[in-house]
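**Student:** only geometry, no sequence info:
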């Protein structure tokens, strides 16, 4: 249970404070906050509340969205990522997850170039703040407008292109990458290069009725979660297993009951 | 217009006979039929009707779905593919498109092994009937239950594993493969190995509201259709450009008006 982390968005109906109290009471080890959790709050205080409750703050979601049709838009994204780095620093979150972005109709090659440039622009800020950046490869079904980085290989390539900065790595989410025939190899490469920063879990339901908000609990779908998790661990990863589930169905149910189900599904996955 | 082919499922509300008459009248060059089009009909007669109307029969959709949890299920799939080959032969369709299949929870590696074995089992029948088989790589969002073949590279690998039989090749659909960073390379390889059998077009809408039935008309989305089409042509492909659109939205509209829009979108793409 010490390695179980939950993303606040998983129980979206709960306030930041609810998440902290409820997760801690359930024996969850870590918490990843989303930026909406900081609205109207002092990030430093939120961080203290979480730590005092016994929760590790694992990461802050999310930075990124670097591509833009104009230089003005791209600069706006860089500014927002600098703000995100400040927030993570104040919160005491060691990592920001990057959903890198894409512009519909702009070539993915150009978008990846802009992503690489955007990351390069904010890396000094991340370094100064002692905050790491984790590129999250997103499923190819999000290549239109959410991310031009769709495989672990592409994330590794961006880290390589920037000469493997200590602050830059990868957040691997089984939902996005389970189908990839080169997954284990790319996990190993990321681990060897000391850039495997985070590991997210949930499941892929059959059928999936919504591209964004119909993720399943571990065990409800077809993803070989435990196998991928074992690959990650055997590559040397010792961090949290972060449950990140977007689901209209689960958001509609009693969140206390849902949290109990999350804990049960986690225990079942890691018996 | 001679290279424009339409999949009957694109105008699903129309009967087989409607499709033949309407497509021909619109000046469309080719027709790909789906197996439901043959229900209660003599495939040979349907083929003659289409040819007499001036349409090339480009392919029959679809065979495949080889993986199964048991040997009995896998044999049933092989039998169905043999039936499909008979139907294509009678129809006079030179090609069957294979949606290769996947079993939720079964490893994709195992499913690809079963796909390779299934194709090997029916290849002699295809050869005897003079019908080709085209593996259609499906988008990774269909890896749970529709296809464990999700990239052109994997399709090329299966052809290689079977020692490049003349009857076996690839049906490339921009909807499934547009995001692939290795797309052009794999198109070139398929063409060099004389296995680029078919080319399907449609567009990826932002947002996409349904995983199956919300495809867009060419020009409505983010896919670089013309660029991919030029790659395919410059690799030596001279076959039809097949419009295959599953869309609740378009199926709900007047199909004559829709056909006019398809023709206009095609002309706009290939000005």
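**Tutor:** Structure received. Because the structure is predicted, anything quoted here is derived from the model rather than measured. Numbers count the residues shown, from 1 in each chain, chains lettered A, B, ... in the order given.
**Student:** Tell me, how many residues neighbour residue A:179?
**Tutor:** 25 (other C-beta atoms under 10 Å in any protein chain shown). Using the backbone N, CA and C atoms, a C-beta is placed for each residue, glycine as well.
**Student:** pretty sure it is touching residue B:150, no?
**Tutor:** Yes. If you go by C-beta atoms under 8 Å, residue A:179 and residue B:150 touch, sitting 5.8 Å apart.
**Student:** Wait, residue A:210 touches residue A:248, no?
**Tutor:** Yes. With contact defined as C-beta under 8 Å, residue A:210 and residue A:248 form a contacting pair (6.8 Å).
**Student:** list the buried ones in stretch A:78-97?
**Tutor:** A:78, A:80-82, A:84-85, A:87-97 (16 or more other C-beta atoms under 10 Å in any protein chain shown).
**Student:** Nearest spatial neighbour of residue A:208, chain-adjacent residues omitted?
**Tutor:** By the measure of C-beta to C-beta, 6 or more residues apart in numbering or on different chains, the closest residue to residue A:208 outside its immediate chain neighbours is residue A:214, 5.1 Å from it.
**Student:** List the residues that contact the one you found.
**Tutor:** A:205, A:208, A:246, A:247, A:248, A:249 (C-beta atoms under 8 Å, 6 or more residues apart in numbering or on different chains).
**Student:** Neighbours of the nearest residue to the fourth one once chain neighbours are set aside, how many?
**Tutor:** In this case it means residue A:247. Spatial nearest neighbour of residue A:247, chain neighbours left out: residue A:215 (5.4 Å); criterion: C-beta to C-beta, 6+ apart. With neighbours defined by other C-beta under 10 Å, the count for residue A:215 comes to 22.
**Student:** For residue A:215, give me the backbone phi and psi.
**Tutor:** phi -70, psi 160 (degrees, to the nearest 10).
**Student:** thinking it is in contact with residue A:202, fair?
**Tutor:** Yes. The pair residue A:215 / residue A:202 is scored as a contact, 4.6 Å apart, by C-beta under 8 Å.
**Student:** which residues do the two both contact?
**Tutor:** A:175, A:244, A:245.
**Student:** Go through the residues you listed and name the one nearest chain B.
**Tutor:** residue A:175 (10.9 Å; C-beta to the nearest C-beta).
**Student:** thought that closest one was touching residue A:208?
**Tutor:** No. Using C-beta under 8 Å, residue A:175 is not in contact with residue A:208, being 10.1 Å away.
**Student:** Could I get the full set of strands for the stretch 51-200 of chain A?
**Tutor:** Using DSSP state E, counting those that start in this stretch, the strands of the stretch 51-200 of chain A run over A:56-64, A:95-99, A:132-135, A:168-173, A:196-201.
**Student:** Just the helices from the stretch 1-150 of chain A, written as ranges.
**Tutor:** A:16-25, A:43-52, A:71-91, A:108-129 (DSSP state H, counting those that start in this stretch).
**Student:** ok, back up a step: closest to residue B:129 out of the strands of the stretch 51-200 of chain A?
**Tutor:** strand A:168-173 (45.2 Å; C-beta to C-beta).
**Student:** ok and that closest one relative to strand A:196-201, angle-wise?
**Tutor:** 10 degrees (axes from the mean of the first three to the mean of the last three C-alpha atoms, to 10 degrees).
**Student:** Contacts (any at all) between chain B and strand A:168-173?
**Tutor:** No. Using C-beta under 8 Å from any C-beta of the partner chain, strand A:168-173 stays clear of chain B, coming no nearer than 13.6 Å.
**Student:** Ok, stretch A:105-117 next?
**Tutor:** Yes. With C-beta under 8 Å from any C-beta as the measure, stretch A:105-117 is seen reaching chain B through A:105, A:107, A:108, A:109.
**Student:** from these, which is closest to chain B?
**Tutor:** residue A:105 (5.0 Å).
**Student:** Which residue, other than its chain neighbours, is closest to the closest one?
**Tutor:** Residue A:105's closest residue in space is residue B:222 (C-beta to C-beta, 6+ apart), at 5.0 Å.
**Student:** And that neighbour, how far from residue A:143?
**Tutor:** 8 Å (C-beta to C-beta, to the nearest Å).
**Student:** Can you work out which residues contact both of these two?
**Tutor:** By C-beta under 8 Å, 6+ apart, the residues touching both residue B:222 and residue A:143 are residue B:178.
**Student:** distance of the closest residue to residue A:98 other than its chain neighbours from chain B?
**Tutor:** Using C-beta to C-beta, 6+ apart and skipping the chain neighbours, the partner closest in space to residue A:98 is residue A:64 (3.9 Å). For residue A:64, the distance to chain B equals 17 Å [C-beta to the nearest C-beta, to the nearest Å].
**Student:** Which residues are in contact with residue A:64?
**Tutor:** By C-beta under 8 Å, 6+ apart, the residues touching residue A:64 are A:77, A:81, A:97, A:98, A:99, A:100, A:101, A:115, A:136, A:147.
**Student:** Get me the contact residues on chain A for chain B.
**Tutor:** So chain A meets chain B at A:104-105, A:107-109, A:139-141, A:143-145, A:150-151, A:154, A:178-181, A:204, A:206-209, A:211, A:221-222, A:224 (C-beta under 8 Å from any C-beta).
**Student:** hmm, back to that, what pairs with the residue nearest to residue A:208 across the strands?
**Tutor:** In this entry, residue A:214 is beta-bridged to residue A:247, by DSSP bridges.
**Student:** before we move on, what about residue A:101?
**Tutor:** Going by DSSP bridges, residue A:101 forms beta bridges with residue A:147.
**Student:** contacting residues for it?
**Tutor:** With the criterion set at C-beta under 8 Å, 6+ apart, residue A:101 makes contact with A:64, A:65, A:66, A:67, A:68, A:77, A:111, A:114, A:115, A:146, A:147, A:148.
**Student:** Redo the residues you listed as a markdown table? Include pLDDT.
**Tutor:** Below are the contacts of residue A:101 laid out as a markdown table (pLDDT from 0 to 100):
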| residue | pLDDT |
| --- | --- |
| A:64 | 98 |
| A:65 | 98 |
| A:66 | 98 |
| A:67 | 98 |
| A:68 | 98 |
| A:77 | 98 |
| A:111 | 98 |
| A:114 | 98 |
| A:115 | 98 |
| A:146 | 98 |
| A:147 | 98 |
| A:148 | 98 |
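**Student:** gap between the spatially most central residue of chain A and residue A:30?
**Tutor:** Compute the mean C-alpha point of chain A, and by C-alpha atoms, centre = their mean the closest residue is residue A:97, 4.7 Å away. Separation of residue A:97 from residue A:30 (C-beta to C-beta): 13 Å.
**Student:** circling back: quick one: which of the contacts of residue A:101 is nearest to residue B:18?
**Tutor:** Nearest to residue B:18 among the contacts of residue A:101, with distances taken as C-beta to C-beta, is residue A:146, at 39.2 Å.
**Student:** Compute the distance between the closest one and residue B:207, please.
**Tutor:** On the measure of C-beta to C-beta, residue A:146 and residue B:207 end up 10 Å apart.
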